[in-house]
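Visitor: Below is the sequence, then the predicted model.
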Amino acid sequence: MKKSKQALVTFTAVFFVFLFPFLAIAQVDPAFNPSKLIDDKIFSDTQTFGGPEGIQKFLEAKNSVLANTSPEFIIKLKEPSITLLKQGLDDPQPALGRLRTAAELIWDAARQSGLNPQVILVTLNKEQGLITAANNFAPDRLQKALDRAMGFDCPDATGCGNLFPGFYHQIFGNYDSDNNRYLGAAKSLMRSFNAPNGRGPSVNGAPAQVGQSISIDNTQGEPYNAPASQMVTMENKATAALYRFTPHVFNGNYNFWRYFNSWFRYPNGTLVAIGNNPAIYIIQNGTKQLVPSFVAAARNLNLASKVTISPTEFESYPTDVILGPIDNTIVKSADGKTYVFLTNAPHPASSFVITQRGLNPALALPISEAELAMFQKGSVLPPKDGTVIKQEGDTGIYLVEGGKIKLFSEFTFKQRKVPAKAVVSVPVGELASYEKNGFVPPVDGTLVKGQNNPVIYSIENGFRRPFTAEIFKNRGLSFRNVNTLSDDEVTALPLGAYATPKDRTFFAAERNSQIYIFKEGTKHSISSYVAKQRGISADYFFGQAVIGEWFDGIPTPPKDGTLVKGDANGTIFLVSGGQLRGLTATAFKNRKYSLKKVVILPQAEVDAYAKGEVIPK
């Protein structure tokens, strides 16, 4: 990767107008101040949700499509598989070993950039309706919304570019075909925010700063019938950053304010009640949770500090699950059973497990049957994650992972070189109470096959990814390194996409079909013109079913210095640094270019290339 040529850029975002229920109201809320959209301290508060679990709960409470954690949906987020690529983008978890959920990606992008994850969530809804509307989208429209999740690199004048396709790249950033790095939406917003005097929209060639009054355009017509433009004073850095990202009052930043004010008006931890109703709730990330009396005592909450709100306001907050005590709180019921609270669920736990986890059973709090019934009980708590266990008198050895136990095979036990002294014995009968979750997978990069199946797989992130004979050959692998496991062990591993070829492989599905180069974990298409210009041909043929499972990257552009235009648009571009940069008439004349040198390509091909800034002269 070329880090010496980092191009740290900010693109303004285009917004899409969705007629959500409360936005159908034509009147503008009188509390709206276009000059101060959000406080600076709130804008940069990265701990509002406390972790990805809090974001996941919010998404579930809103019935958001992003709450989906199925493997099929997570693939749609287009998180790259190449560790080096993610390291270059400052991803805080570049080698996690699995694909992340939307909530996890939002949390990681927020803490990596310094941006409040609430701002990301509100922007996702402002731009694409991904919190409140996308459940009604057709599959192709949903993928398009995910690909443009933050409306990033979507200026009004030209439409969306091709540098940031995918939920992951929208918030984290990407590299163009020449490995120049570009910031994503989260870090771009914080770059504007962290500028010494803030960084707003460009005015007369310079970014507006805090204290300046500038003219901001509006979207005309329904639902607000706003004027064509209005003067706005940048009262703080957060407001300047938001206007740089979306240079509109209506509907863009007004919608941002409406969502944020509706969801996050009260800070996390605010206790609320209605009139004389004794039930007390706590506001957490746009939802309300009932607070049982034993939890209030366990968390040392001051119930006298509650805020009395109207029934209408109370109902505007979705009701989340009942608030439980903090994780690892031990409680004991009237019948003498002991539980450990984790993620708001009481898990039955033996004295052996409580002690093994470093907890003190003497600190157990009494809990009534009525209070215990408020919570859905979790599975029996096993020893802490990472513990290798066996039961006295049993030959099976298990790894505790994610609160469940996975069985070691003879191969994986030897491969992971687990010392015998590291195996912990649990009491007889206890093993049967733990929740089981298949086999321990071989380490990443292991080549395996079943006893009665010729298909060879590579283990990646716990998935088995099948090889074709051609890809196996391309990777220069040897059958001597293939490990034969039981069919049950192999088929128990989740099936992933086909294994990918080595970096910088030129290939096609079949002869005389579209040529690609595989680079940085994605396939980049090469048009017939570019293939001829660069002298490229396919070295391998993998089949459409195989390459169709690999992510698409930005198409490979013509050589630097080439002049191109589309057959349906008059704009002439100069290819520079792997990007197409539009030429003004002045620039074309000053540089003494000739129309004879302009290559006319299909418009769709020109539209697909990464675009850079216009060359004015």
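Guide: That came in fine, so what should we check first?
Visitor: show me the residues around residue 108 that make contact.
Guide: When contacts are counted by Cβ atoms under 8 Å, 6 or more residues apart in numbering, residue 108 is found next to 52, 91, 92, 93, 100. Where you see a C-beta, it was placed from the backbone N, CA and C, and this is true even at glycine.
Visitor: And residue 310, by the same measure?
Guide: When contacts are counted by Cβ under 8 Å, 6+ apart, residue 310 touches residue 274.
Visitor: got a pLDDT number for residue 23?
Guide: Each residue has a pLDDT score; the one for residue 23 is 41.
Visitor: scratch that, residue 313
Guide: As predicted, residue 313 sits at a pLDDT of 82.
Visitor: ok so it is a helix residue?
Guide: Yes - secondary structure of residue 313 (DSSP: H, G, I helix; E, B strand; the rest coil): part of a helix.
Visitor: Which parts of the stretch 401-550 of the chain are strands?
Guide: Ranges of strands in the stretch 401-550 of the chain, per DSSP state E, counting those that start in this stretch, are 404-407, 423-426, 436-439, 447-450, 457-460, 463-466, 482-485, 505-508, 515-519, 522-526, 540-541.
Visitor: sorry, that was for the stretch 251-400 of the chain
Guide: With DSSP E, counting those that start in this stretch as the criterion, the stretch 251-400 of the chain has strands spanning 271-273, 281-284, 287-290, 307-308, 329-332, 338-342, 345-348, 365-366, 388-391, 397-401.
Visitor: Could you check how far residue 430 is from residue 253?
Guide: Note on residue 430: its distance to residue 253, by Cβ to Cβ, to the nearest Å, is 57 Å.
Visitor: which one of the two has more residues nearby?
Guide: The residue with more neighbours, out of residue 430 and residue 253 and counting by other Cβ atoms under 10 Å, is residue 253; that gives 25 against 18.
Visitor: wait, that one sits on residue 37?
Guide: Yes - between residue 253 and residue 37 a contact is recorded at 5.7 Å, counting by Cβ atoms under 8 Å.
Visitor: Pull up the overlap in contacts between those two.
Guide: 242, 243.
Visitor: Surely residue 266 touches residue 314?
Guide: No - in this structure residue 266 lies outside contact range of residue 314 using Cβ under 8 Å: 11.1 Å.
Visitor: number of nearby residues for residue 36?
Guide: There are 16 residues near residue 36, going by other Cβ under 10 Å.
Visitor: Tell me which helix or strand it sits in.
Guide: Mapping residue 36 onto the secondary structure by DSSP states H and E places it in no helix or strand at all.
Visitor: distance of it from residue 353?
Guide: Computed with Cβ to Cβ, the distance linking residue 36 and residue 353 is 52 Å.
Visitor: before we move on, what about residue 526?
Guide: Residue 526 is 57 Å from residue 353, by Cβ to Cβ.
Visitor: same thing with residue 438?
Guide: 21 Å.
Visitor: I'd say residue 568 and residue 605 touch.
Guide: No - with contacts defined as Cβ under 8 Å, residue 568 does not count as touching residue 605, sitting 11.1 Å away.
Visitor: okay, those two: which has more neighbours?
Guide: Neighbours were tallied for residue 568 and for residue 605 using other Cβ under 10 Å; the higher tally belongs to residue 605 (19 against 10).
Visitor: That one against residue 527, yeah?
Guide: Yes - counting by Cβ under 8 Å, residue 605 touches residue 527, with 5.3 Å between them.
Visitor: shared neighbours of those two, anything?
Guide: With Cβ under 8 Å, 6+ apart as the test, residue 605 and residue 527 both reach residue 555.
Visitor: Of the contacts of residue 108, grab the buried ones for PyMOL.
Guide: For selection in PyMOL, the members of those meeting the burial criterion (16 or more other Cβ atoms under 10 Å) are listed in this command:
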select buried, resi 52+91+100
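Visitor: Tell me which of the contacts of residue 108 fall in strands.
Guide: In strands, defined here by DSSP state E, there are no members of the contacts of residue 108.
Visitor: Out of the contacts of residue 108, which is nearest to residue 318?
Guide: Using Cβ to Cβ, the shortest approach to residue 318 within the contacts of residue 108 belongs to residue 52, at 19.0 Å.
Visitor: for that closest one, what are its contacts?
Guide: Applying Cβ under 8 Å, 6+ apart, the residues near residue 52 are 101, 103, 104, 106, 107, 108.
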